[in-house]
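Undergrad: Below are the sequence and a predicted model; questions follow.
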Amino acid sequence: ALAGLVACSPAGEPESPGKDTPDAAVTVDAPPAPERAMPGDQGGEVAPAYAPVVLDYGLKNVAAMNIRGVRFERLLEGLEQPWAMEFIDERSLLITEFPGRMQRFELDTGVLTALDGVPEVASSRDQTGLLDVELHPDFANNRKIYFSYTVSPDATDAYYLTVVSSAVLVDDRLEDVQSVLTADPPGWSPSNFGGALEFDDEGYLFVSIGDRSEERVAQRGDRLQGKILRLKDDGSVPADNPFVGDPDVDDRIYALGVRNPQGLHFDAGHGLLFETEHGPMGGDEVNVIERAVNYGWPVATYGLKYTGASVGSGTHAEGMRQPLFYFTPSIAVSPLTVYRGSQFPEWDGDLIIGTLKSRSLLRLDYDDGRIRSIHAFLGGLDQRIRDVRVGPEGALFVLTEPGRLYRLSREIPPAVAQPNPSGEGLYALVCAGCHDTGASGAPMLEDRARWAEIARQSRADIERHTLEGLGDMPERGLCDLCTDE
């Protein structure tokens with residue numbers, strides 16, 4: 001159980017930002033914070049002495065997971081309500097800011113450059129603003145990106161909707177901005193927009209649309225709200241979408257019954273699309289998104305109304321999928337990733353999830369379709385975590401709501417060659433405990449008859465018994481120095 005996790009607020013995404021710990025107060029032999037271009041400055045010039053600030057705060061939880069040799073750094077601060085990030089190459093990434101700005105950050109130099117050409121974004125209320133950013137699968141050749149945001153179609157800030165656009169990134173500017181999706185009709189609520197974007201390994205674009213605080217529409221086939229959509233890269237409908245030809249369901253819908261999904265991640269290793277979504281008061285969920293599946297909201301949920309009343313028919317309903325994992329009370333879940341990389345091989349294939357209310361990262365041990373265990377770490381930062389990504393070199397990048405970007409990496413020591421012990425030394429180290437005493441019926445060295453009997457066995461059987469164990473003798477005699485060779 002995760003102690004101290006409390007429910008999110010009625011706004012759908014948990015309560016407004018609170019006071020965050022100033023991590024600069026806990027630096028260890030840290031250089032002065034680098035001078036850098038502030039968001040919106042043109043040219044992106046910074047002092048040449050840029051260097052990340054090394055921190056040691058919050059690493060006890062990492063050590064508790066038997067992870068050693070880690071390095072935790074603050075790379076950037078001063079962003080304005082950052083929402084999402086995406087690597088565009090090994091040394092630079094795009095960062096979206098809620099008020100409507102998109103910036104490119106260079107890891108080596110600390111240069112932060114605001115991009116021109118971002119469309120007008122409605123961002124004056126609650127959860128309205130610039131949301132996710134995603135690269136086209138062929139970005140290296142076409143330089144195309146996708147981004148989601150909110151608009152107020154009548155410019156009155158009375159009604160809002162989620163939109164997705166594409167653009168070509170040319171130097172420091174977005175060009176050829178094209179509409180990919182407009183999630184009509186507009187709604188009155190300034191919350192629950194969803195807006196997560198993710199391409200799968202076949203080049204299809206998945207888009208999450210929240211229920212817009214009108215929970216019943218999540219079960220309606222004629223509305224996009226409360227759904228996961230599947231599109232071609234130009235916004236058109238794939239012919240094999242699950243509801244194509246059904247007059248009662250919009251062709252773009254891939255799955256339904258979700259509340260406010262702000263995280264989507266496709267993992268090629270598992271071949272699965274993972275999703276995170278906010279519940280109401282309790283009931284945040286992690287799901288595996290599959291075609292035509294109904295995930296239950298608001299009929300089946302582990303959350304309650306903010307009055308304490310129940311929602312729907314309870315936690316289960318016929319024909320509705322249970323979550324892979326749920327949180328009660330709410331942690332205010334933010335986006336997720338699946339760890340794939342060389343720096344933390346112990347985490348391979350596990351889910352890494354950010355939290356807002358709980359102000360920590362979570363590692364969910366994913367094994368054979370189930371979550372086996374859960375570990376919280378970096379809670380010492382005491383900051384709302386907005387996004388998490390695995391960098392090209394396997395480091396973990398963490399974006400926090402107070403406007404900071406961190407990197408958790410690992411200095412892996414070179415492998416130390418094991419000694420090659422003599423046969424006599426190996427016997428004394430591993431075998432003598434039983435074969436010198438006859439423990440558990442092991443043949444003693446002087447028992448020539450027993451060894452002669454063993455010698456009559458085939459070499460293959462002797463090798464197999466040595467490697468796999470026999471009777472009370474364990475595999476390799478519990479010898480860490482033995483190899484299959």
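TA: Okay, I see it.
Undergrad: now the chain, which segments are flagged as low pLDDT?
TA: Across the chain, the ranges flagged by pLDDT under 70 are 1-49, 57-58, 412-421, 425-426, 429-430, 440, 472, 476-485.
Undergrad: Could you list the buried residues of stretch 351-367?
TA: With burial defined by 16 or more other Cβ atoms under 10 Å, the residues of stretch 351-367 counted as buried are 351-364, 366. (C-beta placed from N, C-alpha, C; glycine too.)
Undergrad: And those residues, which is closest to Leu378?
TA: Distance to Leu378, by Cβ to Cβ, is smallest for Leu361 among those, at 4.9 Å.
Undergrad: Bridged to that closest one, which residues?
TA: Here Leu361 shows beta-bridge partners Gly354, Phe377, assigned using DSSP bridges.
Undergrad: likewise the one 5 residues further on?
TA: On the basis of DSSP bridges, Tyr366 is bridged to Ile371.
Undergrad: Kindly report the same for Val338.
TA: Applying DSSP bridges to Val338 gives these bridge partners: Leu351.
Undergrad: wait, it sits on Ile352?
TA: Yes - with contact defined as Cβ atoms under 8 Å, Val338 counts as touching Ile352 (7.3 Å).
Undergrad: Where do the strands of the stretch 351-485 of the chain begin and end?
TA: Remark: strands assigned in the stretch 351-485 of the chain by DSSP state E, counting those that start in this stretch are 351-355, 361-367, 370-377, 385-390, 396-400, 404-410.
Undergrad: May I see the buried residues of the longest one?
TA: Across strand 370-377, burial judged by 16+ other Cβ under 10 Å covers Ile374, His375, Ala376, Phe377.
Undergrad: Let me know the closest of those residues to Thr301.
TA: Distances from Thr301 to the buried residues of strand 370-377, taken by Cβ to Cβ, are shortest for Ile374, at 20.1 Å.
Undergrad: measure the closest one to Gly117 for me?
TA: According to Cβ to Cβ, to the nearest Å, Ile374 and Gly117 sit 41 Å apart.
Undergrad: Check Lys305 too.
TA: In this view, Lys305 and Gly117 are 42 Å apart by Cβ to Cβ.
Undergrad: now Leu405
TA: 23 Å.
Undergrad: which one of these two has more residues nearby?
TA: When Leu405 and Gly117 are compared for neighbours, Leu405 comes out ahead with 23 against 15, by other Cβ atoms under 10 Å.
Undergrad: Any idea what the more buried one is bridged to?
TA: Applying DSSP bridges, one finds that Leu405 bridges with Leu76, Leu399.
Undergrad: what sits against it?
TA: Residues in contact with Leu405, defined by Cβ atoms under 8 Å, 6 or more residues apart in numbering, are Arg74, Leu75, Leu76, Glu77, Leu79, Pro82, Met85, Ile95, Phe105, Phe397, Val398, Leu399.
Undergrad: Could I get the contacting residues of the fifth one?
TA: Put plainly, it is Leu79. Contact analysis of Leu79 by Cβ under 8 Å, 6+ apart lists Pro39, Ile95, Glu97, Gln103, Gly403, Arg404, Leu405.
Undergrad: With the fourth one instead?
TA: Taking Cβ under 8 Å, 6+ apart as the definition of contact, the neighbours of Glu77 are Ala33, Pro402, Gly403, Arg404, Leu405.
Undergrad: Can you say which two of those residues are spatially most distant?
TA: Ala33 and Pro402 (14.1 Å).
Undergrad: more crowded one of the two?
TA: With neighbours defined as other Cβ under 10 Å, Ala33 and Pro402 compare such that Pro402 has more, 20 against 13.
Undergrad: ok, the more buried one to Leu381 distance?
TA: 9 Å.
Undergrad: got any residues that touch both of the two?
TA: Jointly contacting Pro402 and Leu381 under the rule Cβ under 8 Å, 6+ apart is no residue at all.
Undergrad: wait, doesn't Tyr149 sit right on Leu197?
TA: No - counting by Cβ under 8 Å, Tyr149 sits too far from Leu197 to count as a contact (10.9 Å).
Undergrad: Comparing these two, which residue is more hemmed in?
TA: Set Tyr149 next to Leu197 and count neighbours by other Cβ under 10 Å: Tyr149 wins out with 27 against 24.
Undergrad: mind checking the SS state of that one?
TA: strand (DSSP: H, G, I helix; E, B strand; the rest coil).
Undergrad: ok, now how distant is it from Val170?
TA: From Tyr149 to Val170 the distance is 20 Å (Cβ to Cβ).
Undergrad: Check Met85 too.
TA: Plainly put, Met85 is 20 Å away from Val170 if you go by Cβ to Cβ.
Undergrad: cool, Asp157 as well?
TA: Between Asp157 and Val170 the computed distance is 31 Å (Cβ to Cβ).
Undergrad: quick one: which of the contacts of Leu79 is nearest Leu264?
TA: Nearest member of the contacts of Leu79 to Leu264, counting by Cβ to Cβ, is Ile95, at 18.1 Å.
Undergrad: List the contacts of the one helix or strand the closest one maps to.
TA: For Ile95, the host element (DSSP states H and E) is strand 92-97. By Cβ under 8 Å, 6+ apart, the residues outside strand 92-97 that reach it are 39, 79-88, 102-107, 115, 129-133, 145, 147, 389, 397, 399, 405.
Undergrad: Kind regards, and thank you for your time.
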